[in-house]
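Participant: model the following, please.
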Amino acid sequence: MSAGIRAQRARLGLLQSDISKRMNDLGFSWYSQTVGLLERGQRPLLAEELIALAVALDCTPEALYLPPAGTQSVQIGGYAIPAGRLSAVDGTTSYFGNELRINPRRQKGRSR
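Facilitator: Next up, the predicted model:
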């Protein structure tokens, strides 16, 4: 998500201080350093902050947290999860008991 935040801010030509001002206007106590920590992946982002940040960056929340087009997989907990799974339940991941099973190819007929 840090790359999405940084990229969207750059597209708009905004400084970290601009984003912190906008977030403060939306009711969050943010500083320029808060934005920097997010962009370096050193601070978690709460769900309500994600929504406000999308407003502040004039985009959708998905634009901030989904990987760029063409990304095949993302690393989550040491697993290479197919990137498409982040926007749809597509049958590429499942559990057998508590064991994660990953099928990197989309399985037809399994979307929900």
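Participant: going by C-alpha atoms from here, please, whenever you check contacts or count neighbours.
Facilitator: Fine.
Participant: next, count neighbours for the residue nearest to A56 when sequence neighbours are not counted.
Facilitator: Counting by Cα to Cα, 6 or more residues apart in numbering, R22 is the residue found nearest to A56 once chain neighbours are left out, at 5.7 Å. Look at R22: counted by other Cα atoms under 10 Å, it has 18 neighbours.
Participant: assign R22 to helix, strand or coil.
Facilitator: helix (DSSP: H, G, I helix; E, B strand; the rest coil).
Participant: so what pLDDT did it get?
Facilitator: At R22, the model reports a pLDDT of 98.
Participant: check R110 too.
Facilitator: We have a pLDDT of 43 for R110.
Participant: again with V89
Facilitator: In this model, V89 is scored at 89, pLDDT.
Participant: I'd like to know how far it sits from A83.
Facilitator: V89 sits 11 Å away from A83, going by Cα to Cα, to the nearest Å.
Participant: who's more crowded, these two?
Facilitator: Neighbours were counted for V89 and for A83 using other Cα under 10 Å; A83 has more, 20 against 14.
Participant: now the more buried one. Nearest residue, chain neighbours left out?
Facilitator: S73 (4.4 Å).
Participant: bridged to the one you found, which residues?
Facilitator: Per DSSP bridges, residues listed as beta-bridge partners of S73: P82.
Participant: ok, it - how many residues close by?
Facilitator: Using other Cα under 10 Å: S73 sits among 16 other residues.
Participant: mind listing what it touches?
Facilitator: Contact analysis of S73 by Cα atoms under 8 Å, 6 or more residues apart in numbering lists 80-84.
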